[in-house]
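> missing the sequence, but the structure's below:
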């Protein structure tokens, strides 16, 4: 069986490098989304975790970006989870999404509080990869305040523990976690804390990728904010930052082999 390839990418609502959302025409928005879809196609990812993706927002031309990228990128399946919604003339509907070439057996979206603008959260999904159940959590943390990131991290870990208790023996105990963490991997912030928590809860240490390279801001990247946490047992893991100017973040691509027994059986919902 060939390695599984995952891409995580904050697409910044499709605005590219424009500093302000809403200044891009619908035509240019579609052209940029098509370029993103072509990039994802070229990367040949089995699954893509997307952050800051719109489904029906006025500031991005009310384009269903999830369905657009699913179709144009050649993905068979997609799930979306809203982190911020606002009705009315200036409608907003955006959050996280998972695109997959393999069946999605389960998904659930959790927002970090009820916010109409600037909301963050995570999308938990389970992918059927040739009969093996692969749990994936697509996570987007707060960009500014360290204390708020830790509060969000607590909610995320509580969710994983609740699912583990509910599933019992069927729990896929070691999920893959990825996304825009909005902080580096230095001690004292959420990324390092999450790595420690996941490793402590599992049967061995998680691997954090990419090991080098920076993802933000994309023209002259100075910080590594986008990560993939791989559970113990996977082999052949390697990750890289992809050079791209289609967003203010650069995408991260990771390849790995599943252990002989998979990552767990998971819970059918």
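Nice, I can see it. Keep in mind that what you see is a predicted model, and the values were worked out from it rather than measured.
> pull the longest helix from the protein.
helix 146-167 (DSSP state H).
> what helices or strands is the host helix or strand of residue 93 leaning on?
Per DSSP states H and E, residue 93 falls inside strand 92-100. If you count contacts as 3 or more C-beta pairs under 8 Å, 6 or more residues apart in numbering; DSSP states H and E, strand 92-100 packs onto strand 47-54, helix 65-73, strand 77-86, strand 104-111, strand 121-129, strand 132-140. For the C-beta atoms, the positions are set from N, CA and C on the backbone; glycine is no exception.
> now do the second one, average pLDDT.
When pLDDT is averaged over helix 65-73, the result is 98.
> buried stuff in that helix?
By neighbour count on 16 or more other C-beta atoms under 10 Å, the buried set for helix 65-73 is 65, 66, 68, 69, 70, 72, 73.
> what sits against the nearest residue to residue 233 once chain neighbours are set aside?
Spatial nearest neighbour of residue 233, chain neighbours left out: residue 259 (3.7 Å); criterion: C-beta to C-beta, 6 or more residues apart in numbering. Counting by C-beta atoms under 8 Å, 6 or more residues apart in numbering, residue 259 makes contact with 233, 234, 235.
> just those residues now: which is nearest residue 38?
Nearest to residue 38 among the contacts of residue 259, counting by C-beta to C-beta, is residue 234 at 28.5 Å.
> excluding chain neighbours, what is closest to that closest one?
In this structure, residue 234 finds its nearest non-sequential neighbour in residue 256, 4.4 Å apart by C-beta to C-beta, 6+ apart.
> again, but for residue 40
Leaving aside its sequence neighbours, residue 40 sits nearest to residue 73 (C-beta to C-beta, 6+ apart; 4.4 Å).
> correct me, but the one you found touches residue 43?
No - counting by C-beta atoms under 8 Å, residue 43 is not a contact partner of residue 73; they are 9.5 Å apart.
> so the residue of the chain most remote from its centre versus residue 18, what's the distance?
Going by C-alpha atoms, centre = their mean, the residue of the chain most distant from its centre is residue 89, 28.8 Å out. Remark: distance between residue 89 and residue 18 (C-beta to C-beta, to the nearest Å) = 21 Å.
> residue 149 too?
Separation of residue 149 from residue 18 (C-beta to C-beta) stands at 26 Å.
> among these two, which residue is more densely surrounded?
Set residue 149 next to residue 18 and count neighbours by other C-beta atoms under 10 Å: residue 149 wins out with 23 against 15.
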